[in-house]
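Undergrad: got a structure for you, letters missing:
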């Protein structure tokens, strides 16, 4: 049984027998229910582990996003610098042509 999940199988068997289940039926029903609880229910520990995994993954995603954003900013700065330099060279050429 998972830590934190309380299931009183003895009391459950007794309750089933009170309403007409045979001993064997009550025990099989209790065993199946115990397995379902064990396999399906999340404990506080399970949820905490999941929370920690999600926090780690979100932090990694945030770091990747910041890195990608910086790379994009750098590429845009280089392109903008190239465009400005080309514009200045174009203006200089026009001014030179006009001054002759």
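TA: Received, thanks. On a predicted model such as this, the values are computed, not experimentally measured, just so you know.

Undergrad: What sits closest to residue 23 if chain neighbours are left out?
TA: Setting aside the residues directly before and after it, residue 23 is nearest to residue 17 in space (CB to CB, 6 or more residues apart in numbering), at 6.6 Å. Every C-beta, even on glycine, is put in place using the N, C-alpha and C of the backbone.

Undergrad: Going toward the C-terminus from the lowest-mean-pLDDT helix or strand in the chain, what's the next helix or strand?
TA: Among the helical and strand segments of the chain, the one scoring lowest on mean pLDDT, DSSP states H and E is helix 23-40, with a mean of 92. Scanning forward in sequence from helix 23-40, with DSSP states H and E defining helices and strands, the next element found is helix 44-99.

Undergrad: average model confidence for that following helix?
TA: The predicted model gives helix 44-99 an average pLDDT of 94.

Undergrad: just to revisit the earlier point, state the pLDDT value of the residue nearest to residue 23.
TA: Per-residue pLDDT puts residue 17 at 96.

Undergrad: Quickly find the element holding it.
TA: With secondary structure defined by DSSP H and E, residue 17 is part of helix 9-18.

Undergrad: domain assignment for the chain?
TA: Using automatic domain parsing, the domain parsing of the chain gives 1-41, 43-100.

Undergrad: Report the distance from the last one to the chain centre.
TA: Read that as domain 43-100. Offset of domain 43-100 from its chain centre (CA atoms, centre = their mean, to the nearest Å): 24 Å.

Undergrad: With stretch 30-40 instead?
TA: For stretch 30-40 - counting by CA atoms, centre = their mean - the centre lies 28 Å from the chain centre.

Undergrad: which SS class is residue 20?
TA: Assigned with DSSP: H, G, I helix; E, B strand; the rest coil, residue 20 falls in the coil class.

Undergrad: Phi and psi next, for it.
TA: Comment: the main-chain dihedrals of residue 20 come out as phi 110, psi 0, following degrees, to the nearest 10.
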